[in-house]
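I'd like to go over a predicted model; first the sequence, then the structure.
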Amino acid sequence: MGASARLEAKATVYIKTRSLHREGGRKVGREETTGDDFHSATKKWNLVHRVIDRVNDWYEETFRDRDTGGILHHQAHRLTDHRGHGSAKKAKRPP
């Protein structure tokens, strides 16, 4: 019997746009993420496209199924309304 192997590559691109602000430092004005993302609950790889635009106060993200291309999750709203996600979540109280 012959042996066979399967190799898959996953890639994600992160882009940050920086500009000088009045104190003379560099400030990130826009972040964009496009590529593969592993969803731990379903144990599946999906495609993600996320834009965080601080200059225009905008947050948008779309997750697509890698196999079918169907939209699994999409949200778009003002960045100032994007609270309570990720590390900004309120801590759960013990029972």
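Looks like it arrived, so ask away.

drop to CA atoms for contacts and neighbour counts, all remaining ones
OK.

Remind me which helix or strand the residue positioned nearest the centre of the chain belongs to.
For the chain, residue 50 is the residue whose C-alpha lies nearest the centre (C-alpha atoms, centre = their mean; 4.5 Å). Following DSSP states H and E, one finds residue 50 within strand 44-53.

and the next helix or strand after that strand, what does it pack onto?
Using DSSP H and E, the helix or strand that follows strand 44-53 in sequence is strand 58-65. When contacts are defined as 3 or more C-alpha pairs under 8 Å, 6 or more residues apart in numbering; DSSP states H and E, strand 58-65 packs onto strand 44-53, strand 71-78.

Point out the most buried one among those.
strand 44-53 (a mean of 18; mean count of other C-alpha atoms under 10 Å).

Tell me the gap between it and the middle of its chain.
Relative to the chain's own centre, strand 44-53 is displaced by 4 Å; criterion: C-alpha atoms, centre = their mean, to the nearest Å.

give the contact list for the closest residue to residue 36 other than its chain neighbours.
Counting by C-alpha to C-alpha, 6 or more residues apart in numbering, residue 36 lies nearest to residue 47, which is 4.7 Å off, once chain neighbours are set aside. Contact analysis of residue 47 by C-alpha atoms under 8 Å, 6 or more residues apart in numbering lists 34, 35, 36, 37, 63, 64, 65, 66.

If we use 10 Å, what do you get?
Residue 47 makes contact with 10-12, 34-38, 62-67, 69, 71-72 under the criterion C-alpha atoms under 10 Å, 6 or more residues apart in numbering.

hmm, back to that, just checking: what are the partner strands of the strand holding residue 50?
strand 26-39 (antiparallel), strand 58-65 (antiparallel) (DSSP bridges).

Good, wrapping up.
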